[in-house]
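In: Give me coordinates for this.
(one chain, ligands or ions: 1)
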Amino acid sequence: MQIHEMYTTIQGEGPFVNRPTVFLRTQTCSVECSYCDVKETWPSRPELEKSIDEILLQTLKLCKQTGTNLLCLTGGTPEEVPGILELIEALQEKGLIVSLEASGAISLKSFWHVNSIVMDIKGPSAGKKAFDATKTVIKDNLDLMVSRRAGNYKYDMLKCVVATTDDLDFYLEVLDDYAFLPVGFSPMFTPKNESSVMRIMAELLFTPDRIITDIPKKWLPYREKLKKFTNRQLNLQIHKMIWPDLTAHI
Ligand code: SF4
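Out: Residues are numbered from 1 along each chain as shown. Model (predicted):
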């Protein structure tokens, strides 16, 4: 199977934030977001491939070493990897809680049985290719997330990367009928803008009474608009704050 790397670290965002987690990062991605921070996973690297048995063995070893049963399946885009459903089934059969980080640009119809799905909604800042791919499947994927919630999958979340107000406009429009679902807003992480967008989003999401004077005026109307996401959280990508100097295995 097309596996890029396996390691343990703190889960930096999403429904299992702050929990010790084994990460299984797959190779390949056809989505090609402009802000991708793991571009090295895009091409296939046959020399890194492993069998399902090898992955299971190594995963169980990492889980035991760490004392966790949480596994984050990330990428790349795991949904594109041949054999991924078989792997998920095998991992869950071993008692692991599998959280799939899905690109949201590919149909999730076959992934109903995964313990947890964290699904990206690619906004305009993701770039045209990712944005267009998302738009073709988003309604079906969101309906699936609604059905899963009714079916007692309580650890799902939508993930919305925010770099500009255009992103927020898109999320408000496309999630209008889905605003009750848990949503994590992730300020786009670049050394240049992280602290400013992070602060802006924190002010917009959490401070209904505070008079804000030092954030750009065009963001202010979103404080009222974002209130409709009653199940919202700020994704701070804690792992990147703890280890800003590391580029791998965080
Ligand atoms: S879907 Fe994920 S791995 Fe693929 S380009 Fe986007 S951020 Fe990178």
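In: which bits of the chain sit near the ligand?
Out: 29, 31, 32, 33, 36, 38, 41, 75, 76, 77, 103, 130 (Cβ under 6 Å from any ligand atom). From N, CA and C alone the C-beta is placed, and that goes for glycine too.
In: List buried residues within these.
Out: By neighbour count, with 16 or more other Cβ atoms under 10 Å, the residues of the chain next to the ligand hold 29, 31, 32, 33, 36, 38, 41, 75, 76, 77, 103, 130 as buried.
In: before we move on, what SS does residue 167 have?
Out: Here residue 167 is recorded as helix under DSSP: H, G, I helix; E, B strand; the rest coil.
In: that older thread, mind putting the buried ones among the residues of the chain next to the ligand into a markdown table with secondary structure and pLDDT?
Out: Output for these, formatted as a markdown table (DSSP: H, G, I helix; E, B strand; the rest coil; pLDDT from 0 to 100):
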| residue | secondary structure | pLDDT |
| --- | --- | --- |
| 29 | coil | 95 |
| 31 | coil | 95 |
| 32 | coil | 94 |
| 33 | coil | 96 |
| 36 | coil | 93 |
| 38 | coil | 92 |
| 41 | helix | 94 |
| 75 | coil | 91 |
| 76 | coil | 91 |
| 77 | coil | 95 |
| 103 | coil | 96 |
| 130 | helix | 96 |
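In: what helix or strand does residue 118 sit in?
Out: Assessed by DSSP states H and E, residue 118 sits inside strand 116-121.
In: Partner strands of that strand and their direction?
Out: With DSSP bridges as the test, strand 116-121 is paired with strand 97-102 (parallel), strand 157-162 (parallel).
In: contact partners of it?
Out: With Cβ atoms under 8 Å, 6 or more residues apart in numbering as the test, strand 116-121 has contacts from 14-16, 97-105, 108, 111, 134, 138, 141, 145, 148, 153, 155-161, 170-171, 174-175, 184.
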